[in-house]
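> only geometry, no sequence info:
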């Protein structure tokens, strides 16, 4: 049987191109895009409404995707929250690793405090969510081990700085600084319009430097 010359017109070629299998790179790019869309939507909703009042359906609607698609990337809302909070500390962890492995002067200590608070101000949605979760034991238990790993470089560097200063109990002093920084941020997020954030930051730095 002679089929003659096959004539692939442009519309048919276009369909074939569209139906071509995606490369691994394309699939990974789509996956990362979807996860970022879900992260952005859930971060905003968790921060505004709270974890328990935010449903997967609300997140899907905000992200503009089907509800079932979220479960392709996350096992549950708890899993999503855990990965979201951990992801939000990425910049902080990178800052500690790249710039503050060793703090050996008051100037570097001051810069660390400034940089830390600047990160909070640059990503308010994430930190507002984090501080809203601090006293929710059932949620913090899910992420406590990961958070410990994230903050260890900070605690190590600060403790070593207080050792250099001659502190009697450098580890406890580092914990006190860490707690004071948390308290300052909680105060700011509780009443951002009236809390004297800049002045309080300066006083805190002077007391610990």
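Alright, I've got the coordinates. Nothing here was measured: the structure is a model prediction, and the numbers come from that model.
> does residue 117 really touch residue 201, like I thought?
Yes: judged on Cβ atoms under 8 Å, residue 117 makes contact with residue 201 at a distance of 5.7 Å. Heads up, the C-betas are built off the backbone N, CA and C, glycines and all.
> which one's more surrounded, those two?
residue 117 (21 against 18; other Cβ atoms under 10 Å).
> kindly report the domain assignment for this structure.
Annotated domains of the chain cover 10-76, 89-208 [automatic domain parsing].
> can you say which of these is nearest to residue 82?
domain 89-208 (4.9 Å; Cβ to Cβ).
> that closest one: end-to-end distance?
24 Å (Cα to Cα, to the nearest Å).
> average pLDDT for it?
For domain 89-208, the mean pLDDT works out to 88.
> ok so, going back, give me the common contacts of residue 117 and residue 201.
residue 184 (Cβ atoms under 8 Å, 6 or more residues apart in numbering).
> using JSON lines, lay out the domains of the chain together with distance to residue 82.
Shown next, in JSON lines, are these (distance: least, Cβ to Cβ, whole Å):
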{"stretch": "domain 10-76", "distance to residue 82": "9"}
{"stretch": "domain 89-208", "distance to residue 82": "5"}
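> immediately after whatever helix or strand residue 69 lives in, which helix or strand?
Using DSSP states H and E, residue 69 sits in helix 67-70. Following helix 67-70 in sequence order, the next helix or strand is helix 77-88 (DSSP H and E).
> show me the helices in this protein, by range?
Secondary structure of the chain, counting by DSSP state H: helices at 10-19, 24-49, 56-63, 67-70, 77-88, 90-99, 106-122, 124-133, 137-165, 170-190, 197-208.
> could you single out the most deeply buried of those helices?
Highest mean neighbour count among the helices of the chain (mean count of other Cβ atoms under 10 Å): helix 124-133, with a mean of 20.
> run the angle between that one and helix 137-165 for me.
Here helix 124-133 points in a direction 100 degrees away from that of helix 137-165 (axes from the mean of the first three to the mean of the last three Cα atoms, to 10 degrees).
> which elements pack onto helix 124-133?
helix 24-49, helix 77-88, helix 170-190 (3 or more Cβ pairs under 8 Å, 6 or more residues apart in numbering; DSSP states H and E).
> rerun that using 6 Å as the cut-off
Judged by 3 or more Cβ pairs under 6 Å, 6 or more residues apart in numbering; DSSP states H and E, the packing partners of helix 124-133 are helix 24-49, helix 170-190.
> could those helices go into a markdown table alongside distance to residue 58?
Converted to a markdown table, those look like this (distance: least, Cβ to Cβ, whole Å):
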| stretch | distance to residue 58 |
| --- | --- |
| helix 24-49 | 6 |
| helix 170-190 | 22 |
